[in-house]
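Participant: Return a 3D structure for these sequence lines:
(chains A, B, C, D and E, ligands or ions: 5)
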Amino acid sequence: MHRAFCWLLAAFLALAAPSAFSADLGAADLAPLVRGLGAGSYAETEKAIAGLAETGDPAVVPVIEALQAGDLHVRKADGAVVVAKRAGNGYALTDPLTGAALGEADRNAVEKIRINNALRRTISATLGALTLMSPDANTRRQAAEAVFKSRDANALDALNTALGKETDERVRRAMTQARASVLLAGDAPDADKIVAVAVLQERGDQDARALLNGAANTGSDAVKDAATKAIASVEQRLALWGAAQNLWYGLSLGSVLLLAAIGLAVTFGVMGVINMAHGEMVMIGAYATFLVQEAFRQWAPGLFDFSILVALPVAFLVSGAVGVAIERSVIRWLYGRPLETLLATWGLSLALQQAVRSIFGPTNREVGAPSWMSGAFELGGLTITYGRLWIVVFAFLVFGALLVALRKTWFGLSIRAVTQNRSMANAMGIRTARVDALTFGLGSGIAGLAGVALSQIDNVSPNLGQGYIIDSFMVVVFGGVGNLWGTLVGALALGGVNKFLEPYAGAVLGKILVLIFIILFIQRRPRGLFALKGRAVEA
Amino acid sequence: QDTIKVGILHSLSGTMAISETTLKDVMLMLIEEQNKKGGVLGKKLEPVVVDPASNWPLFAEKARELVSKDKVAAVFGCWTSVSRKSVLPVFEELNSVLFYPVQYEGEESSRNVFYTGAAPNQQAIPAVDYLAEKEGVQRWVLAGTDYVYPRTTNKILETYLKSKGVKSEDIMINYTPFGHADWQNIVADIKKFGSAGKKTAVVSTINGDANVPFYKELGNQGVKAQDIPVVAFSVGEEELAGIDTKPLVGHLAAWNYFMSVDTPENGDFIKKWQAYTKNDKRVTNDPMEAHYIGFNMWVKAVEKAGTTDSNAVIDSLVGVAVPNLTGGYSAMLPNHHITKPVLIGEVQENGQFETVSKTPGLVAGDEWSDFLPDSKDLISDWRAPMSCGNFNVKTGKCGGKGS
Amino acid sequence: MSTEDTLLYLDGVSVSFDGFRALNSLSLVIEPGEMRAIIGPNGAGKTTMMDVITGKTRPDTGTILFEGRTDLTSLREPAIANLGIGRKFQRPTVFEMHTVWDNLELSLKAPRRPLKTLTYSATREDRARIEEILDITRLSPRRDRPAGSLSHGEKQWLEIGMLLAQDPKLLLVDEPVAGMTDAETEQTAHLLKDIAGKHSVIVVEHDMVFVRELGVKVTVLHEGSVLAEGSLDTVSANKQVIDVYLGR
Amino acid sequence: MLDVRSVDLHYGAAQALRGVSLTAEVGKVTCLLGRNGVGKSSLLRAIVGLKPVTGGTIAWDGGDITKLAPSERARRGIAYVPQGREIFPLLTVRENLLTGYAPLKRADRSIPDEVFELFPVLKSMLDRRGGDLSGGQQQQLAIGRALVTRPRLLVLDEPTEGIQPSIIKDIGRAIAYLRDKGTMAILLVEQYFEFARDLADDWAVMERGEVMLAGSRDGLEESEVRRYLTV
Amino acid sequence: MLTRFFLMGLDKKAGVLLAVLAVLAVAVPVMALGTAPDSPWHLSTHTVALLGKYLCFALLALSLDLVWGFVGILSLGHAAFFTLGGYAMGMYLMRQIGSRGMYGNADLPDFMVFLNWTELPWYWHGFDQFWFAAIMVMLVPGLLAFAFGWFAFRSRVTGVYLSIITQALTFALMLAFFRNDMGFGGNNGLTDFKEILGFDIQSASTRVGLFVATVVALAAGYILASAVVASKLGKVLIAVRDAESRVRFLGYETDRYKLFAWTLSACMAGVAGALYVPQVGIINPSEFSPASSIEAVIWVAVGGRGTLAGPVLGAVLVNFGKSYFTAALPEFWLFALGGLFVLVTLFLPKGILGLAAQLRDRLPARATVTAKPVDQKGV
Ligand SMILES: Nc1ncnc2c1ncn2[C@@H]1O[C@H](COP(=O)(O)OP(=O)(O)OP(=O)(O)O)[C@@H](O)[C@H]1O
Ligand SMILES: Nc1ncnc2c1ncn2[C@@H]1O[C@H](COP(=O)(O)OP(=O)(O)OP(=O)(O)O)[C@@H](O)[C@H]1O
Ligand SMILES: NC(N)=O
Ligand SMILES: [Mg+2]
Ligand SMILES: [Mg+2]
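Facilitator: Ligands and ions are numbered 1, 2, ... in the order given. Sure thing, here's the model as predicted:
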C-alpha cells in the first residue's frame, strides 16, 4: 500500500512541480525532445528519454511519468506527443509539459507510445536521477532506490549534490547506499569502492549481495577481498533471516490451511457430516467476493478498497444460506448414517461445481486485491506481503470467534449436545432441527469466509474448492476430529512441516513427505494430535 | 438429412474444463460459420460434443465412441499431452483424424494426428533467444509443473542454453505439482537466484491452475518485469483474465498468436467470437487460433479431396495453407506440424499482450528436437513413399533408432 | 499361600485418568473355583478393575497375575480372553446386526484364528450348546432376531449367554441383574452359583438381595482400594461401608 | 394429567405396543411394571415423543401432544430419564446439566439446589466429561439433568439401575418429596419391586405390549402383580 | 470340502448375478465376433471395451465392499491398489512394445529414451514375462496393503482416521508417480500398447478375450467374496465392523481379521486394475487420485453396501450413466450424476439392492436397528 501511495504522491508533487521550479530552460526548448518520444521504435524512444534526462530539468518528470504510466500518445494528425486519458468514448488530451488542455480526440486519432522492459528500466533510472531533489522525502528515497538499482553513473553528480543537502536520516542512508552502488558498479578508485563495500555490507540484503558479488568478481584484489568478506557477512545474515522467512511461510501456509479447514471442523468435526461439498462452499464464498467486487467496479469504483470488507458478510451469508438449504433438504435425513453423507455431498459438490461453471463460465474470474492487501513490506530481512499478513490475522480472528461461539454460548452448547446425542437433546427441549440447520450453515458460512481470503491468493474458478478439500480433511483429522484446537495446531503444523521440507526436498517431494508424515503420525496417535481420551470417546 | 459429423473432444468438466471449454465453443462457432457458408462438399457440418471430463482413459473411450459410433469425419480435441497420448492409439487403429491445438513437447508424429499448436522450436527457443539478446539475460530459472511437457521443454532448453555457453550454476530448475498454490518460497528463491549480480529471467512452463497464485505471489513480492522478467509458455489471455495484471506489466509470454495482434482477420475473428459468446469481454488465445487454422485446413483438404475419407484427407492435408490470424499463411508440413510465426509479448495492464518481437518469417514446427540426443537424427514425413513418423536419417530406416 | 495357587492375583494396582485416581494400589486375590462379590459406591473403581484385568486399561503400576504366572499387564485383550477370562459388560454390548444365534456362535469356545474360522462349520455339539444357552437365557423365541432389536433387559441376558458360551476359567460379571425382575435376579444367582466351583467368578452388583443370595465372600471397594472384606453380614455391619455405600 | 389412549407402536413390522392406555396424575407416582421386553420403554419413548406411535393418542395437560416433537413436549414440562442414561459423553457434567435449560425462560435458568443435595458426587465432578463417569454416576447425572428442566411430568425409566443402595434410598426419598410438592406427575418404570411398591400411588403392569393390570395403590394385589413379573 | 466352502456363500442373488455373467461370457463373444458388422445383433469393439471397463470397475467395487460393507473400513484409497495392479500390467505391456516404439529402442520404453535414461531401472526387470507381471499384479498391491494394514490395524487406527490415511496413501502415490524421476512415465503414464501374450491388443478377438477374462475374474472374485462373507470369519468381520472392541474381548485378534480382508481386497483390486489397463489402453497417475477412490465408494453406496451384488450393479450402472450422459448431455451431465447420488441417498438408503427389502416393509423411518450415537463420528 505504501509504495503505491508514495508513487501517487510523487506523481502528484511532480505534476505540481513545474510551477514551483519555473524552469531555466523554457518549455519551448523541451518540446522537440518530447516530440522525439513518439518517433516510433523503442530505440528512438530510448534516445529521446536520454535527451530529456540530460536537461536535468524537473519539468520533464511529469512527461516521463506519463510515459511510464502508459498515458503518453502520439496524435496521428500532427505527430504531437500528448497525454491522453480516457474520457467517455474517446480521450481527453493535455500537453505533457504545460498540462494545458488540448481538447478531446477519438480513440483512433491517437496512438499509444509503447514501452518495453528495457524502456521501463531506463525510465525508472531517469526518474530516479531527476527526482533526487524532490521536496518530498519519500520521493527522494524512492529516487535513491531507483538509482541504487540502475547503478547509473550519470546520476552520481546529482546524488552527490542531493546528499549534501539531505537532512532526513533515512533518505540519507538510501542515498549513501545508492552512491555506493554506483561507485561499486563503475570505475571508482579502490578506496571509494572499499567504503562502498562497507556501506553495502551494512545494508545486508539480497540486492547488496548481488552488487557485492559483482565486485568480488571484477574488482581489484583489495576490493575483491573486502567484497568477499562482506559477502560472507551478508550471507550469514541472510541465512538467519532465511530461516525466519521460512517460519513465516509456514505460518502463512498454515493459516491458509486453517481457514480452509475450519469450516470443515464444524460440519465434519462437530457434526460428523463427511462434507465433500465443503470445498464448494469455499468456492461460493470466492464467487460472492467476485460479485461484490463487480458491483463495486460498476457503481462505486472509488470505494473498491472496501469491497473485501463488504464481501466478508456477503460471502458468509451466501455460503451459509446454501449450507442451510443443503442441510434442510438433504443432510437432515442422514443423521445417524454418516457414511451416506459422503455420497450425497459428493453429488452436491459435482452439481454445485457445474452450476457455477454454467453461470460464471469455466474460466477464472478476476478478484482484485485492495491496495491495503497488495505489495509487501520489509521487516528486517523478512519480506512480508500484506495479503498474507491479513490472511494470517483473519484466520486467527475467525478461529477465535468460532472457539468462543462453540465454547461459551448457549448455541455452542446446543450444537455439541445435538451432535453427541440428537434424540436425547431433542428430548431435553433443544430444537434439533434448527440447531442442525444453523450449525451446518455456520460451518458453510465460515467456508465462505475462507473463500474471500483464498480469492486473494488463488484462482477463482469452479475448481477452487477441489484444491482444498483434501488438505482440509487432512488437517481436521490430523488435529483430531471434534477438537478445534487440534485443527489450529494441525493446520499450523502441516503448514510448517511443508515449508520446512520444501527447500530441501522440493515442492513435489515435500508434499509426498508431508503425506507420509501424516500416515506415520496417525500410527502414533490414532485419534489425531489432540485426541480425546477416555471412556467418553469409546463409549 | 445428410451431414458430415465433426467430433469435439474437449473436457467440459474437471480440472481441464477451465481451458478446454473455450475450445469447444470456438469449434462450435467455426462450424456454425462454415455452415452459413454452405457447409462442406455441399453438406452441413454437424458437431458432436462429448465430455471426456479431464479423465485420460475417458478420452480414449470417447474418441472411440466419436469415431466408431458417431462416425465423425475428424476430431478436434485434447489439451494435455497425456490426453493426446491416450487417444493416439485409437485414432491409429480406427484410422481417423485428430487436430491437436496446443503447444506441446514434440517427440511425436502420428499419421493420424495434425499438430496445430507449437512445437518447442516454435515457442521456447525463440523466447529464450529474445531474452538473451534483448534483455541480456545470463541466468535462467526454468520453472515448470512436473509433467512431460515442461520436463521436455526444459531439457531442450537446458541443452540449448548450455550450447550457448550458459554455465550449469546459472540455470535453476524447479518443478511443482499440478495446482500448486503456495508459491511463497519458490518466488523468494527466484528472487534470491536473481540477486547474484547477473541479469536473470524465469522461463515458466507452469501449467493451468497454478499460474494464478504464481503471478499473484510475483506481484505481491514485487518481482518486477524490469528486474526479473518471467516468460511463460502456458499463460495466455484466458489465464490473465483471472488476474489483476497491474503488478505484472512487462512479464512475457511466447505464443504464435496474441489477441492484440492488429490484423483484419484477427479483428474479424474477435468480433465474431464476442458476438457468438454474447460477451464483449471474452478474450481469444493461441489454441483458439490453432483450431481456427486446423479447422480451415481440414475444410480445404476435404474440398480438395472431394471426400471425407480419412486416407484421402490425410494425404491432401499436407501442403494445405490457410491464413492465420497474425497476417500470414500457415501451411501443413509433411510432418503434420504447421508453420507459424513466433510472437513474444509483454503483459499489459488490460490483461492483453503487446507484441515486442515477432520472427521475421514463419517457423516450421520441428517434431523431433535437434537438442535431444535420441531424436536429433529423426525426421518425420508422411508423404509417400517415405510415410514415416520417425525416419532415422543416420540409418536410413523408418522406426526410430532402429536396432 | 503362594501366588502360584491363585487364579487371579492383583497387587498394588493403580490407575489414574488425568490425575484422577480410579484405582489406588488395589490388591485382590481370587482362588480357583472361587466366586467373589464386589460391591462399592458408584465410581469406586469396580468396572475399572475389570478393565485392567481384561487389558482394556493398562495399569500405571502394580502386578496382575493369572494362574500365578501369566502377567496380564503386558498382554492384549484377545490374548487375555484366550487365557480364559470372559467378561460381561456393565452396559450391554452385543453385535447388533448379528442374530442372537450368531452372537452366541461367535462367543462359543472354538479356535479363534482367522484361517480356522474361515473353514469352521458348527458341529452338533456346538449347536446343542447354543440351544442350551438360549434356553437358560430364555432367548429362544428371539434366536433369529438381530440383537439390536432386543430390549435392554434382553440384551443383558444375551451378554450373560455370550459369557457362558465362552466357557472361561474366570468370569467377570459387571452388574448382571440390573434391569431384571426379582424373579430373574434369583434365577441369575442360581446360575452363577452353578458355574462357580468349576470356574472362578467375580460379580459386581449393587443389588444386596442378589449378593446375599450368592452367599460368598464380599469385597467392598472404595475410592479405588479395598475398604472391607468378608461375608456380606460382616461388611454390612461395617460403619464405613454403611456411610459410603449402603446408607441408612 | 397425562392421558395415553389405546396407543399402538411398531418397530418395522413388529408390534411393541397394542392398544395401551395409561394415565398419570399430578401429585402422584404412577408405576409401570413388567418383565423384560414387554414394552415399558417403548411406551415411555412414545410419551416423550422419541418414537412415533402408529395408533392412539397421547394428551398432556388437556392438550393433544401425539404429533409434537420431543423438544416441544419438553417445553410443555415433560422431562425424561432414559434407560441407559444417554449422557452427552463429551460434555462436562456441568454442561450436561445446562442442557436442561433448553425449555426454560432465561430468568428461570439456574440449577436447582436439590440436584446437588440428592447427588453430591455431581458437585465434585462438574468439570469432568459425562462419558467418563461410572455407570452409576451417569445415572445420577441423568436424573439431575431432568430435574434442571423443572418438569411437570417426570418420566423415569429404571432410574435405580446400577446405583448404589444408599443413593437408591435418596432417590426414593426425592421422588416422594417431588410428589409431595404436588406440582408434578411422575411416571416410573421400575424392576426393583420393593422400591416401586413403596413409592407407587398408581400401578400398571404390562405383558407383551399390553397393559394387563392397572389401578391405584390399594386396589392392587401384590401377589397378582408378582405373577406377571415371574418367569 | 473346498467346493463346499466356495458354494456356501451363494444365495439367490448370487445365482442371478453369476447367471448374468455366464450369459455375458457367451453372448458377447458370439455377438462381437460371430455377427456381421451391420447386423443389429453386432457388438462393436467400442461396446465390448466399455462393458469390459464396467466389469473391471465392478470388481474394484466388489473388493471395496468386502472391506467397507463387511469390516467397516471405509477405504478412500482403494484406487491405489487398482492402479498398482494396472501399472504392473502396464509395465508388461510396455515391454511387449519392444522396438516398435517411436524411437525404436528395444531396451527402453519411449518415455525413458525421451528423458535420457540409459538403462532399464531394476524394478522394471522381469516385467517382460507375463507370469512375473501376473504375480506382481497381486503381489504389489497385496504387499502394500499388508504393510499398511499391519501398522494401521495394530495401532488401532479406525474410522475417519483410517479413511483419511488411505487417502493420504493414494495421494502420495499419485504425486510420486507424477514425478518423471520415478520411471513410470510421469503424467503421461504408460500407453501405446501393442500386444498382450502375442495377440494384437487392438484386434477384436483380443478384446473379446480380455472381456471374457474380466467376466471370469469377476465371477471368481464374487464367489470368493461370498464364501468369505458367509463363513464364520465373515461373521467375525461383521462383528468387528459393529463393535470391534467387543470382539477382542471374545478372544479374536481383530487386527489379523482386518488384515486378512484388507489384503485380500487389495489383491482383488489389483486384478481389476490389471484387466482394466489393456482394455482402456492407458494407465496414468491420475488413477491414483483421491477422487477415483471416492468414486468407487460411490458405486458401492449406490448399489448397496454390504451386499456384494450391489456394488457390482452400482459400478455398472453409475459408469453406464457416466458414459451415456457425457455424450448425451455433455454440459449438464454432472447435474444428472450429482442429482442421482443425492436421490439415491435420500430415497434408497440401502442402495439399489436395498430397494426390494425397503419396499417389503415400506417403513424406512422405523428401521429396526437404530445406529448407536457413537457411530456419528466413526466411519
Ligand atoms: N477413561 C476414564 N477417564 C476418566 N475417568 C474415568 C475413566 N474411567 C473411569 N473413570 C473414573 O474412575 C472412577 C471409577 O469408575 P468405575 O466405572 O470403575 O466405577 P464403578 O465402581 O464401576 O462405578 P459404578 O458402580 O457406578 O459402575 C469414576 O469416578 C470414573 O469417573
Ligand atoms: N429399536 C428396536 N427395534 C426393534 N425392536 C425393538 C427395538 N427396541 C425394542 N424393541 C422390541 O420391542 C419390545 C419392547 O421393548 P422395550 O424396550 O419397550 O421393552 P422393556 O419393557 O422396556 O424391556 P426392559 O425391561 O428389558 O427394558 C421388545 O420385544 C424389543 O425386542
Ligand atoms: N501439451 C501440453 N501443454 O500439455
Ligand atoms: Mg461400573
Ligand atoms: Mg426398557
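
Participant: what's the distance between residue A:401 and residue B:135?
Facilitator: Going from residue A:401 to residue B:135 by CB to CB, to the nearest Å gives 49 Å. To be clear about C-beta, it is placed using only N, CA and C from the backbone, and glycine gets the same treatment.

Participant: Which of these two has more residues huddled nearby?
Facilitator: residue B:135 (20 against 12; other CB atoms under 10 Å in any protein chain shown).

Participant: Now the more buried one: phi and psi?
Facilitator: When read as degrees, to the nearest 10, the backbone of residue B:135 gives phi -110, psi 0.

Participant: got it, and the one 10 residues further on?
Facilitator: Phi and psi for residue B:145, reported as degrees, to the nearest 10, are phi -80, psi 150.

Participant: Same question for residue E:128.
Facilitator: Dihedral angles (degrees, to the nearest 10) for residue E:128: phi -80, psi -10.

Participant: give the contact list for it.
Facilitator: E:92, E:95-96 (CB atoms under 8 Å, 6 or more residues apart in numbering or on different chains).

Participant: pLDDT wise, what is it at?
Facilitator: Reading off the confidence values, residue E:128 has pLDDT 93.

Participant: quick one: it and residue E:92, what's the gap?
Facilitator: Taken as CB to CB, the span from residue E:128 to residue E:92 is 7 Å.

Participant: and if you look at residue B:50?
Facilitator: From residue B:50 to residue E:92 the distance is 31 Å (CB to CB).

Participant: helices or strands next to the longest strand belonging to chain A in the packing?
Facilitator: If you go by DSSP state E, chain A has its longest strand at strand A:81-87. Applying 3 or more CB pairs under 8 Å, 6 or more residues apart in numbering or on different chains; DSSP states H and E, one finds that strand A:81-87 contacts strand A:72-75, strand A:90-94, strand A:101-105, strand A:110-112.

Participant: Neighbours of the residue of chain C at minimum distance from ligand 4, how many?
Facilitator: Residue nearest to ligand 4 within chain C: residue C:47 (3.1 Å; CB to the ion). Using other CB under 10 Å, residue C:47 has 25 neighbouring residues.

Participant: Check it and give its pLDDT.
Facilitator: pLDDT, residue C:47: 93.

Participant: Can you list the buried residues in whichever helix or strand it is part of?
Facilitator: Residue C:47 belongs to helix C:46-54 when assigned by DSSP states H and E. Using 16 or more other CB atoms under 10 Å in any protein chain shown as the burial criterion, the residues of helix C:46-54 that qualify are C:46-54.

Participant: Among the residues you listed, which pair sits farthest apart?
Facilitator: In the buried residues of helix C:46-54, two members sit farther apart than any others by CB to CB. They are C:46 and C:54, at 13.1 Å.

Participant: coming back round to it: each with direction, which strands does the longest strand of chain A pair with?
Facilitator: Strand A:81-87 has the following sheet partners, assigned by DSSP bridges: strand A:72-75 (antiparallel), strand A:90-94 (antiparallel).

Participant: the inter-axis angle of the longest one versus strand A:101-105?
Facilitator: Angular relation of strand A:90-94 and strand A:101-105 on a 0 to 180 degree scale: 160 degrees, by axes from the mean of the first three to the mean of the last three CA atoms, to 10 degrees.

Participant: Tell me how far the residue of the stretch 151-300 of chain E found nearest ligand 1 lies from ligand 4.
Facilitator: Proximity of the stretch 151-300 of chain E to ligand 1 (CB to the nearest ligand atom) peaks at residue E:245, 13.3 Å away. Distance of residue E:245 to ligand 4, given as CB to the ion, to the nearest Å: 16 Å.

Participant: repeat for residue B:153
Facilitator: 70 Å.

Participant: How about the secondary structure of that residue?
Facilitator: helix (DSSP: H, G, I helix; E, B strand; the rest coil).

Participant: Setting the sequence-adjacent residues aside, check what's closest to residue 37.
Facilitator: Going with chain A. With sequence-adjacent residues excluded and distances taken as CB to CB, 6 or more residues apart in numbering or on different chains, residue A:37 is closest to residue A:48, at 4.5 Å.

Participant: Oops, wrong one, chain E.
Facilitator: Nearest to residue E:37 is residue E:44, by CB to CB, 6+ apart, at 7.7 Å.

Participant: Next up, the contacts around that neighbour.
Facilitator: Counted by CB under 8 Å, 6+ apart, residue E:44 has contacts B:68-69, E:32, E:37.

Participant: Please pick the buried ones from those residues.
Facilitator: Applying 16+ other CB under 10 Å to these flags B:68, E:32 as buried.

Participant: export the contacts of residue E:44 to TSV and tack on secondary structure and distance to residue E:123?
Facilitator: Below are these laid out as TSV (DSSP: H, G, I helix; E, B strand; the rest coil; distance: CB to CB, whole Å):
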residue	secondary structure	distance to residue E:123
B:68	helix	37
B:69	helix	39
E:32	helix	37
E:37	coil	43
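
Participant: and the two most separated of the contacts of residue E:44?
Facilitator: B:69 and E:32 (14.5 Å).

Participant: my guess is residue C:77 contacts residue C:53, does it?
Facilitator: No. Under the criterion of CB atoms under 8 Å, residue C:77 makes no contact with residue C:53, lying 10.6 Å away.

Participant: residue contacts, residue A:332?
Facilitator: A:433, A:436-437.

Participant: which other residues reach stretch A:35-53?
Facilitator: A:30, A:33-34, A:60, A:63-64, A:67, A:72-74, A:79-81, A:113-116, A:118-119, A:122-123, A:126, A:129-130, A:154, B:356.

Participant: Tell me how many other residues crowd residue 102.
Facilitator: Went with chain A since none was named. Neighbour tally, residue A:102, other CB under 10 Å: 17.

Participant: oops, I was thinking of chain E
Facilitator: Residue E:102 has 26 nearby residues by other CB under 10 Å.

Participant: gap between the residue in chain C sticking out farthest from the centre and residue B:184?
Facilitator: When distances are taken from the C-alpha mean of chain C, residue C:119 lies farthest, 30.4 Å away, according to CA atoms, centre = their mean. Separation of residue C:119 from residue B:184 (CB to CB) stands at 59 Å.

Participant: Let's have the buried residues of helix C:46-54 in TSV, adding distance to residue C:18.
Facilitator: Converted to TSV, the buried residues of helix C:46-54 look like this (distance: CB to CB, whole Å):
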residue	distance to residue C:18
C:46	20
C:47	17
C:48	14
C:49	19
C:50	21
C:51	16
C:52	17
C:53	22
C:54	22
